[in-house]
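>>> Provided below are the primary sequence and the corresponding predicted coordinates.
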Amino acid sequence: MRVKELGKDRRAETITLFIGPQHPGSGHLRLVVELDGDVVVGIRPDIGWVHRGVEKIAETKKFVQVIPLIERPSIIDSANMNVGYVRAVEKLLGVEVPDRARYIRTILCELNRIASHLYGIGIFGNMIGTSTIFMWSFGDREIIVELMQELTGARLTYSFFLPGGVKGDLPDGFEEKLEKGLRYIENRIPEYNALFIENPVTEDRLKGVGVIDREKAVEIGLTGPNLRASGVEYDARMAGEYGAYKDLGFKPVTRPEGDSFARLMLRFDEIEGSIGLIRKAIREMPQGPIMHERTKGMARQVLMKVPEGEAFSRVECGRGELTFFVVSKGGDKPHRVRMVTPSFRNLIGFETALVGHRLADVPTVYGSLDYFPPEADR
Amino acid sequence: MGQKKERVILLGNLENAVRKVGTRLADMRPIRNIRNWGITFSLWPVPLTTACCGAEFAATMSPRFDMERLGVLPMASSRQTNVLIIEGTLTRKMAKAVKIIYRQMPEPKFVIAMGSCAADGGIFWNSYNIVRPKDVLPVDVFIPGCPPRPEAVIRAIMQLQDKIKRKLKYRMDAKERPRKRTRRQRVSRVV
């Protein structure tokens, strides 16, 4: 029953509900929801609960010391954040990355994308009440995390890419372990299909919920899987500006529907795509150096002075397109580091996708947009 | 009128006496040990992913590390929980919300500060927008690391369990705790 029928007071037609900031999602976000009965008529996200001032702190650190800092906003996707910043610094330095380093970067970035998507799917499952999927995807994510730990030495924060190359080569016997892990993830996807995706409960809750059509998605500037789920074929990896994506013949996957179900399915598609890319990269990987001569060695990295100028870089994170803008005044510290994170750009999707739906659909859309508050607030 | 007055005095005295006796009894050896043993295996944290350490906390909940075997089960509402795990940096804006959440939790309650940021700022030590959790809340256990590994989180939980088993004394809720009254107040209540 509508509130209008209950109350005589016209002002009581809609009620304002505050969801958050403490809620069982992936971080803090307050949604100020305007409700008519239980139909959402307006929604306004209130952000800034995890704002730590990364951009300002970056001005007080040396160029290499900024790398761990800019990984922190999106810790589950740190390799992709890392490569974005490092590309900008390389452009300022005028350094070309050796071929082998580009391939290693691609492998780690794609592994991290799989882990990030599994994290997103797990949180999504938790939000719509299927905690089995949370357990499954987090359990499977551990395999990818272990592989990345073998390669880099850390579970989440790798700081593996430095300006001019990567820190280390692939360890002995890594290829076999990688193949084993990838085969496991590949074999798990049909099981997810059987339990979760082809489940009538999931289909009822997700299909047709939170639809953002193609024109609207372009207009409001969504990025990443959310944009591609609306049928737009755009991916920052297509430009081939970083990594070995151009050599590997990367093609993005799209889905036309633009609803929550399409956004979920697109993440599974991308996991499969990433597995293919990693296999191809391992097969075609050339031999050679992994670090440019000019930036080789820790002393050169720490004492590095970057020539005056500005540089812009664009990479594809797990959640969408990340852009970096670095300004140097010729010293050993950046004058300004500006980052536009994908979650921040996807935030506006809440306002478009939720209006007209029920209150119970709020977690569905939240999970399907794969919004990660620390990343958006920086 | 006179009878009514006496009744009030009697009830008040009885209530206080029962409360005192109950507190004493609950703090005596066998009952205290049994109670504390029970609390150690029902530490329910509130999901408070203040920052990026939440990723590792979620991994600790996952099948590989499985914190539920230690009796740790995240609950959705802060009213149902007794452990507050600050997962990472605490910003100014969030610190206000954390205080409200802490006040909503029933006694006895514990605080774990996870990550270097929660200990003393960590990599964000010179940020303009962060708060040290120890200035806001009474922290029981700190977990170092940026981010701490899930094993470290499990170790912190076990340390907290140890602490509870050895030390915890009964504390009544803030509302129930008898306050020291001035003589005038005491008189006014009786009358």
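Yep, it's here. Numbers count the residues shown, from 1 in each chain, chains lettered A, B, ... in the order given.

>>> residues contacting B:C117?
Contact partners of B:C117, counting by Cβ atoms under 8 Å, 6 or more residues apart in numbering or on different chains, are B:A51, B:C53, B:G88, B:T89, B:L90, B:I123, B:F124, B:I130, B:C146. Where you see a C-beta, it was placed from the backbone N, CA and C, and this is true even at glycine.

>>> could you redo the last one with a cut-off of 10 Å?
When contacts are counted by Cβ atoms under 10 Å, 6 or more residues apart in numbering or on different chains, B:C117 touches A:52, A:72, B:50-53, B:86-90, B:123-125, B:127, B:130, B:132-133, B:146-147.

>>> Repeat that for B:S77.
The contact partners of B:S77, by Cβ under 10 Å, 6+ apart, come to A:Q22, A:H23, A:P24, B:V46, B:P47, B:I101, B:Q104, B:M105.

>>> give me the number of residues near the closest residue to B:M61 other than its chain neighbours?
Counting by Cβ to Cβ, 6 or more residues apart in numbering or on different chains, B:M67 is the residue found nearest to B:M61 once chain neighbours are left out, at 5.6 Å. Here the number of neighbours of B:M67 (other Cβ atoms under 10 Å in any protein chain shown) works out to 19.

>>> And the contacts of B:S77, which is closest to B:M61?
Comparing the contacts of B:S77 against B:M61 with Cβ to Cβ places B:P47 closest, at 9.5 Å.

>>> Torsion angles phi and psi at that closest one?
With angles defined as degrees, to the nearest 10, B:P47 sits at phi -70, psi 100.

>>> Please flag which of the contacts of B:S77 sit within helices.
Cross-referencing these against helices under DSSP state H gives B:I101, B:Q104.

>>> ok, B:S127 touching A:E59?
No: using Cβ atoms under 10 Å, B:S127 is not in contact with A:E59; the gap is 11.8 Å.

>>> which one of these two has more residues nearby?
Remark: of B:S127 and A:E59, B:S127 carries more neighbours, 21 against 13, as counted by other Cβ under 10 Å.

>>> and the more buried one, what element?
Using DSSP states H and E, B:S127 sits in no helix or strand.

>>> What does the pLDDT read for it?
B:S127 is assigned 87 on the pLDDT scale.

>>> Skipping adjacent residues, who's closest to it in space?
Using Cβ to Cβ, 6+ apart, the closest residue to B:S127 is A:G53 (4.5 Å).

>>> Can you report phi and psi for that neighbour?
Backbone geometry at A:G53, expressed as degrees, to the nearest 10, gives phi 70, psi 40.

>>> Now list the buried members of the contacts of B:C117.
For the contacts of B:C117, a burial check counting by 16 or more other Cβ atoms under 10 Å in any protein chain shown picks out A:52, A:72, B:50-53, B:86-90, B:123-124, B:127, B:130, B:132-133, B:146-147.

>>> So which of those residues sit within strands?
Using DSSP state E, the subset of the buried ones among the contacts of B:C117 located in strands is B:I86, B:E87, B:L90, B:I130.

>>> As a markdown table, those with pLDDT would be great.
Formatted as a markdown table, those follow (pLDDT from 0 to 100):
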| residue | pLDDT |
| --- | --- |
| B:I86 | 88 |
| B:E87 | 86 |
| B:L90 | 87 |
| B:I130 | 87 |
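
>>> Turn those into a markdown table, columns for distance to A:R300.
As requested, those are exported to a markdown table (distance: Cβ to Cβ, whole Å):
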| residue | distance to A:R300 |
| --- | --- |
| B:I86 | 39 |
| B:E87 | 37 |
| B:L90 | 37 |
| B:I130 | 32 |
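
>>> if we look at chain A, which of those are close to it?
By Cβ under 10 Å from any Cβ of the partner chain, the members of those lying near chain A are B:E87, B:L90, B:I130.

>>> follow-up on the earlier one: only whichever of the contacts of B:S77 are buried, select them in PyMOL.
Burial among the contacts of B:S77 is assessed by 16+ other Cβ under 10 Å; the matching PyMOL selection reads:
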select buried, (chain A and resi 22+23+24) or (chain B and resi 46+47+101+105)
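
>>> Could you report the neighbour count for the residue of chain B found nearest chain A?
Chain A sits closest to B:S62 of chain B, with a gap of 3.3 Å, by Cβ to the nearest Cβ. For B:S62, the count of nearby residues is 21 (other Cβ under 10 Å).

>>> A:E13 too?
A:E13, neighbours per other Cβ under 10 Å, totals 13.

>>> Surely it is in contact with A:D36?
Yes: using Cβ under 10 Å, A:E13 is in contact with A:D36, at 6.6 Å.

>>> how about the strands in the stretch 51-200 of chain A?
Assigned by DSSP state E, counting those that start in this stretch, the strands in the stretch 51-200 of chain A fall at A:161-162, A:165-166.

>>> roughly how far is the first one from the heart of the chain?
Average the C-alpha atoms of strand A:161-162, do the same for its chain, and the two points are 19 Å apart (Cα atoms, centre = their mean, to the nearest Å).

>>> What of the last one?
Relative to the mean C-alpha coordinate of its chain, strand A:165-166 is positioned 22 Å out (Cα atoms, centre = their mean).

>>> Report the rounded mean pLDDT for it.
Per-residue pLDDT over strand A:165-166 has a mean of 88.

>>> same question, the first one
Strand A:161-162 shows a mean pLDDT of 90.

>>> That one packs against which elements?
Packing partners of strand A:161-162 (3 or more Cβ pairs under 10 Å, 6 or more residues apart in numbering or on different chains; DSSP states H and E): helix A:78-93, helix A:99-127, helix A:298-302.

>>> Please identify the pairing partners of it and their relative orientation?
Its sheet considered, strand A:161-162 pairs with strand A:165-166 (antiparallel) by DSSP bridges.

>>> what is the mean pLDDT for stretch A:108-115?
Averaged across stretch A:108-115, pLDDT comes to 92.

>>> Also stretch B:14-21?
Averaged over stretch B:14-21, pLDDT sits at 78.

>>> do stretch A:225-235 as well
In the prediction, stretch A:225-235 has an average pLDDT of 89.

>>> ok, back up a step: any chance of the strands of the stretch 51-200 of chain A in CSV, plus distance to A:L322 and mean neighbour count?
Below are the strands of the stretch 51-200 of chain A laid out as CSV (distance: least, Cβ to Cβ, whole Å; neighbours: other Cβ atoms under 10 Å in any protein chain shown):
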stretch, distance to A:L322, mean neighbour count
strand A:161-162, 14, 26
strand A:165-166, 19, 26
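
>>> want to throw these into TSV with distance to A:N80?
Output for the strands of the stretch 51-200 of chain A, formatted as TSV (distance: least, Cβ to Cβ, whole Å):
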stretch	distance to A:N80
strand A:161-162	10
strand A:165-166	14
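
>>> Just tell me which of these ends up closest to A:R228.
Closest among those, once you apply Cβ to Cβ, is strand A:161-162, at 25.0 Å.

>>> coming back round to it: of the ones in strands among the buried ones among the contacts of B:C117, just say which sits nearest to A:Y119.
Of these, the one sitting nearest to A:Y119 (Cβ to Cβ) turns out to be B:E87, at 14.5 Å.
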